[in-house]
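K.L.:
just to be clear, the model below is a prediction. Sequence and coordinates:
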Amino acid sequence: MHLQVCWNIIPGTAFFVGAQLASWGTAAILLTACLAVTGVSYRFGDFCLVNEYKAASTLWGPLLGVVAVTILLQIVT
């Protein structure tokens, strides 16, 4: 949407597929790294949560970074 609104570029199907693969691939890699470092445990019934050990640097830090970039991109658009 940013490309269409700000730059008047209409992305094609290849861009859409590439963006989806990059987004889901990055999320999968970061989640795998987080679970490998911190581990996971069942605490609230059927919900499994990330353990507290290094969760700030492996889960919440990257998550807040993505949120900040998203908010900035929305404001610019």
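P.N.:
Good, I have the coordinates.

K.L.:
so where do the helices sit in the protein?
P.N.:
Here the chain has its helices, by DSSP state H, at 2-6, 13-38, 55, 61-76.

K.L.:
export the ones you listed to CSV and tack on mean pLDDT and distance to residue 48?
P.N.:
Using the backbone N, CA and C atoms, a C-beta is placed for each residue, glycine as well. As requested, the helices of the chain are exported to CSV (pLDDT from 0 to 100; distance: least, CB to CB, whole Å):
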stretch, mean pLDDT, distance to residue 48
helix 2-6, 86, 35
helix 13-38, 91, 10
helix 55, 81, 13
helix 61-76, 90, 17
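
K.L.:
winner for burial among these?
P.N.:
helix 55 (a mean of 16; mean count of other CB atoms under 10 Å).

K.L.:
how far off centre is stretch 8-27?
P.N.:
Relative to its parent chain, stretch 8-27 has a centroid offset of 14 Å by CA atoms, centre = their mean, to the nearest Å.

K.L.:
all numbers from here: first residue = 384
P.N.:
That works, and once the first residue is 384, the last one we named lands at stretch 391-410.

K.L.:
fine by me, we can end here.
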